[in-house]
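> Build the 3D model from these lines:
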Amino acid sequence: MADVSPIPIVSDPLASAFIQFMEVERRSSPRTLDLYDHALSEFRHRHFGFTTWQALTSDDFRKYLFEMMKRELERSTIRLHFAALRSFFKWLTRRQGWTTNPLLDVQLPKQEKKLPVVLTLTQVLEMLALPLALPKSPRSPEWGPERDTAILELFYSTGMRLAELASINVEDVDAYSDTVRVIGKGRKERLLPVGSHAMLAIQRYRQKTGIQNGPLFLSKLRTRITTQALADVVDKYWKASGMPIHVTPHKLRHSFATHLLNNGADLRSVQELLGHASLSTTQIYTHVSTQRMKEVYEAAHPRAKSNH
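Numbering: from 1, shown residues only. You can find the predicted model right below:
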């Protein structure tokens with residue numbers, strides 16, 4: 001397919017008006033505006049023989065989709081480009097009075113679901129032991145190792161989100177019922193069970209700091225710890241561990257969910273613990289669990305592999 005020079009935005013009044021609409025009325029971010037502008041320009045540039053937007057048919061967009069796939073672009077990139085084109089044509093029908101939308105009949109390739117990366121139990125346990133095993137940094141408060149241990153233990157014990165952990169107050173942790181109250185997305189409250197190791201780590205940290213109320217996890221200035229500081233704690237011990245997997249708070253969340261399913265937890269319970277609104281969001285972990293079962297099966301069953 002031959003290339004033609006992209007039409008400058010000034011010579012495309014429809015595209016120009018659409019970008020202005022996105023900027024002024026939709027208050028889209030500069031990044032979104034750049035993406036939409038690029039997608040429209042890219043289509044004009046790649047679509048040989050482009051004349052006007054009005055002249056395009058569904059077949060034109062199918063050919064463009066095929067051309068993008070031949071270039072072996074990632075599905076996410078293709079879907080982003082077509083999301084911009086679809087928004088443009090939706091605006092043309094709703095704001096410009098167009099009666100047809102050629103993109104309605106164009107089927108896009110499904111988004112690839114990447115399986116979450118999880119740590120083994122051994123890797124998790126190695127990380128959990130590091131704060132108290134490593135020499136204490138002179139820049140860290142006296143109670144720093146105990147705090148970091150409690151952070152890592154609670155992350156893995158509950159699978160909660162980064163922002164949820166940062167927002168916990170002392171009074172949210174119930175030592176009698178071994179639970180913690182968290183406020184998740186959409187201000188939805190849920191009560192999570194906390195394992196004995198995490199509860200003990202919290203108790204030791206509180207004894208060291210003497211805190212009785214207010215934020216549970218403190219910065220060295222004894223103010224509420226930020227989400228960035230929490231992420232830095234996890235990053236610090238990942239680097240000290242030497243693991244090839246880049247460990248993040250979200251990977252601890254992934255590991256929590258996968259380890260539960262590997263040990264017999266039902267999907268609906270894991271959904272509740274993670275605070276997922278939809279069960280379909282949680283189902284990605286069943287693929288990880290199934291993959292692990294296949295690996296165990298192939299390694300252990302005498303008739304799993306061919307002798308050839």
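
> helix/strand/coil for the closest residue to residue 96 other than its chain neighbours?
In this structure, residue 96 finds its nearest non-sequential neighbour in residue 14, 7.4 Å apart by Cβ to Cβ, 6 or more residues apart in numbering. Just so you know, the C-beta spots here come from the backbone N, C-alpha and C atoms, and that holds for glycine as well. For residue 14, the secondary-structure state derived from DSSP: H, G, I helix; E, B strand; the rest coil is helix.

> who's in contact with stretch 154-162?
124, 128, 165, 180, 182, 184-185, 192-195, 197-198, 201-202, 227, 230-231, 234, 249-250, 252-253, 255-257, 260, 273-275 (Cβ atoms under 8 Å, 6 or more residues apart in numbering).

> Make a PyMOL selection of whichever of the residues you listed turn out to be buried.
In PyMOL syntax, the buried subset of the contacts of stretch 154-162 is picked out as below (16 or more other Cβ atoms under 10 Å):
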select buried, resi 124+128+165+180+182+184+192+194+198+201+202+230+234+249+250+252+253+255+256+257+260+273+274+275
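
> Can I get the helix or strand harbouring residue 190 as CSV, trimmed to CA atoms?
In this structure, residue 190 is located in strand 189-193 according to DSSP states H and E. Extracted in CSV, the C-alpha atoms of strand 189-193 (Å, rounded to 0.1, in the frame of the first residue of the first chain):
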residue,chain,number,x,y,z
GLU,A,189,-16.3,-0.6,52.5
ARG,A,190,-15.3,-4.2,53.0
LEU,A,191,-14.0,-6.2,55.9
LEU,A,192,-10.9,-8.3,55.3
PRO,A,193,-9.5,-11.1,57.4
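
> What mean pLDDT does whichever helix or strand comes after it get?
As assigned by DSSP H and E, the chain's next helix or strand after strand 189-193 is helix 196-209. What helix 196-209 shows for mean pLDDT is 96.

> Can you give me the distance of the closest residue to residue 164 other than its chain neighbours to residue 147?
Among residues not flanking residue 164 along the chain, residue 182 sits closest, at 4.5 Å (Cβ to Cβ, 6+ apart). According to Cβ to Cβ, to the nearest Å, residue 182 and residue 147 sit 18 Å apart.

> cool, and residue 272?
28 Å.

> more crowded one of those two?
residue 147 (26 against 14; other Cβ atoms under 10 Å).

> OK, contacts around the more buried one?
141, 205, 208, 209, 217, 218.

> Can I get these in TSV including distance to residue 100 and neighbour count?
As requested, the contacts of residue 147 are arranged in TSV below (distance: Cβ to Cβ, whole Å; neighbours: other Cβ atoms under 10 Å):
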residue	distance to residue 100	neighbour count
141	66	17
205	64	24
208	69	16
209	66	18
217	56	25
218	60	18
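
> out of those, which one sits closest to residue 18?
Of all those, residue 217 has the smallest distance to residue 18: 46.1 Å, by Cβ to Cβ.

> check contacts around that closest one.
147, 150, 151, 165, 166, 168, 224, 225, 230 are the contacts of residue 217 under Cβ under 8 Å, 6+ apart.

> hmm, try it at 6 Å
Counting by Cβ atoms under 6 Å, 6 or more residues apart in numbering, residue 217 touches residue 225.

> that older thread, out of the contacts of stretch 154-162, name the ones that lie in helices.
124, 128, 165, 197-198, 201-202, 227, 230-231, 234, 249-250, 252-253, 255-257, 260, 273-274 (DSSP state H).
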